[in-house]
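Peer 1: okay, sequence plus prediction incoming.
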Amino acid sequence: MITDQVVRELAEFDGDGSPVTTCYLNVDGRQNLRPVDVERELERLVRRAAPVAADEPSVSADLQRITAHVRDGIDRKGVRGLAMFSCAPREFWKVISLPLPVHSRISVGHAPSVGPLESLVEELRPIGVMLVDRQRARLFVYEMGALTERSELVGELPRDYDIRDQSSRGEPTAHVDELILQHLRSAAKAAFDLFHEREVGHIAIGGAPEALAQVEELLHPYLKERLVGRLRVPAAAPIDEVRTHLLDLQAQVERDAEAATVARLRDAVGAGTKGVAGLDDALAALGDRRVDVLVVSEGFEQPGWRCPACGALAVVGSTCATCGAEMARVDDVVDEAIQETFAQSCGLEICVGNADLDVLGRIGALLRY
Ligand SMILES: [Zn+2]
């Protein structure tokens, strides 16, 4: 299982002068159906890394080890991606199975390249769910596709507790209000204890509207800042209904985040500062190392050119506009651009079905300067 701890330990490894080879491999059954397809994908990556291996003999050994591991066969049950790290001179070898697909790539550096793992850990963080009304409080944790109810952690509702000595507000409504407040406070506290311990990435709340408004005020700041929305379900809803609404909300949150990035891009392009749209300009910005976040429409592919001398990417060949060398054809220059974001440690947002991005040319870049 991939955790913060695993990623931290990897990040701390230092080749001590020897290069470290990192390989991410997509083994998602839905995209790469047969083991032979996975092997072919790896061969493609290894070919691309060949110039580096020619300069560094130990990288060649790393690539052989990675290839041997994949050829031995991968148990793909529940595994949709692989992360492999090798530093032959230091006898360092680590494989991590990933429950989500990754963008396949090989990179060589002085340390393991853990950027994609970090975003994966973020994506895999559990989601906390709390449902409340005046009588009930229920807690759930959603993790790795499963929603588990943990309502036993909410304390017993206070019954007939003594407020008569504390105030002069002895009237029944005040008493009931006080009971409800106490109930919601204890629910908010139980939610914090559970969700903080589980390090949730987001929380969603649902139930009766008036109780929701009240409990939202009572949430610990740790939960408030992770609150992503409300589920339109009653507090007594069956767990399957809760799960359905949660998945809808999660998809909406993802689409909203993508839309916000595209809106930033559109504004930046419109203002003519810190943003470019279209493949030509995006590739040029990558070449100038000015990209902060590359924004790409999922499924966008186009053949193009790569300069073996300076690494520049272009839609039109065959002479490199940067250095004048003869460029080589590549099947998919968009994929090359995505690989380049990893090499340059800049951000990458892949948007699903965003019409605004399609209008901008299916690719664009937010610029550092
Ligand atoms: Zn060049």
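Peer 2: Noted; the coordinates are in hand. These figures come from a predicted structure and were not determined experimentally. Numbers count the residues shown, from 1 in each chain.

Peer 1: look up how far the ion lies from residue 49.
Peer 2: In this view, residue 49 and the ion are 19 Å apart by C-beta to the ion, to the nearest Å. C-beta here means a position set from N, CA and C on the backbone, and glycine is covered the same way.

Peer 1: can you classify that residue by secondary structure?
Peer 2: Applying DSSP: H, G, I helix; E, B strand; the rest coil to residue 49 yields a three-state assignment of helix.

Peer 1: how about it, what does it touch?
Peer 2: Residue 49 makes contact with 21, 59, 63, 106, 108, according to C-beta atoms under 8 Å, 6 or more residues apart in numbering.

Peer 1: how about stretch 55-64 as PDB, C-alpha atoms only?
Peer 2: Provided in PDB are the C-alpha atoms of stretch 55-64 (Å, rounded to 0.1, in the frame of the first residue of the first chain):
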ATOM      1  CA  ASP A  55      26.200   7.400 -21.300                       C
ATOM      2  CA  GLU A  56      25.600   5.700 -18.000                       C
ATOM      3  CA  PRO A  57      26.300   1.900 -17.900                       C
ATOM      4  CA  SER A  58      24.500   1.500 -14.500                       C
ATOM      5  CA  VAL A  59      21.300   2.900 -16.100                       C
ATOM      6  CA  SER A  60      21.500   0.100 -18.600                       C
ATOM      7  CA  ALA A  61      21.600  -2.300 -15.700                       C
ATOM      8  CA  ASP A  62      18.600  -0.600 -14.200                       C
ATOM      9  CA  LEU A  63      16.600  -0.900 -17.400                       C
ATOM     10  CA  GLN A  64      17.500  -4.600 -17.600                       C
END
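
Peer 1: re the thing from before, cross the contacts of residue 49 against helices and list the overlap.
Peer 2: Judged by DSSP state H, the subset of the contacts of residue 49 located in helices is 59, 63.

Peer 1: quick one: which of the contacts of residue 49 is nearest residue 133?
Peer 2: When the contacts of residue 49 are compared for distance to residue 133, the smallest value, 53.3 Å, is given by residue 106; criterion: C-beta to C-beta.

Peer 1: tell me if I'm right that that closest one and residue 48 touch.
Peer 2: Yes - in this structure, residue 106 is within contact of residue 48 by C-beta atoms under 8 Å, at 6.9 Å.

Peer 1: neighbour count: these two, which is higher?
Peer 2: residue 106 (26 against 15; other C-beta atoms under 10 Å).

Peer 1: any idea how far the more buried one is from the ion?
Peer 2: Distance of residue 106 to the ion, computed by C-beta to the ion: 21 Å.

Peer 1: show me what that residue is bridged to.
Peer 2: Per DSSP bridges, residues listed as beta-bridge partners of residue 106: residue 23.

Peer 1: out of the contacts of residue 49, who's the most crowded?
Peer 2: Top of the contacts of residue 49 by neighbour number is residue 21, holding 29 neighbours under the definition other C-beta under 10 Å.

Peer 1: once you drop chain neighbours, what's closest to the residue of the stretch 51-200 of the chain found nearest the ion?
Peer 2: Taking C-beta to the ion, the ion has its nearest neighbour within the stretch 51-200 of the chain at residue 51, 13.9 Å off. Leaving aside its chain neighbours, residue 51 sits nearest to residue 308 (7.5 Å; criterion: C-beta to C-beta, 6 or more residues apart in numbering).

Peer 1: how about the strands in the stretch 1-150 of the chain?
Peer 2: Remark: strands of the stretch 1-150 of the chain, listed N- to C-terminal, are 20-26, 81-87, 92-98, 105-109, 127-132, 137-143, 146-149; assignment by DSSP state E, counting those that start in this stretch.

Peer 1: distance between the first one and the chain's centre?
Peer 2: It stands for strand 20-26. Strand 20-26 sits 17 Å away from the centroid of its parent chain (C-alpha atoms, centre = their mean, to the nearest Å).

Peer 1: let me know whether the residue nearest to residue 51 touches residue 323 as I believe.
Peer 2: No - with contacts defined as C-beta under 8 Å, residue 308 does not count as touching residue 323, sitting 10.2 Å away.

Peer 1: contacts for the helix or strand of the chain with the lowest mean pLDDT?
Peer 2: Within the chain, no helix or strand scores below helix 115-124, which has a mean of 82 by mean pLDDT, DSSP states H and E. Taking C-beta under 8 Å, 6+ apart as the criterion, the residues outside helix 115-124 that touch it are 2-4, 6-7, 10, 24, 83, 96, 98-100, 102-103, 143-144, 201, 342, 345.

Peer 1: in the stretch 151-300 of the chain, what residue lies closest to the ion?
Peer 2: With C-beta to the ion, the shortest gap between the stretch 151-300 of the chain and the ion falls at residue 287, namely 8.6 Å.
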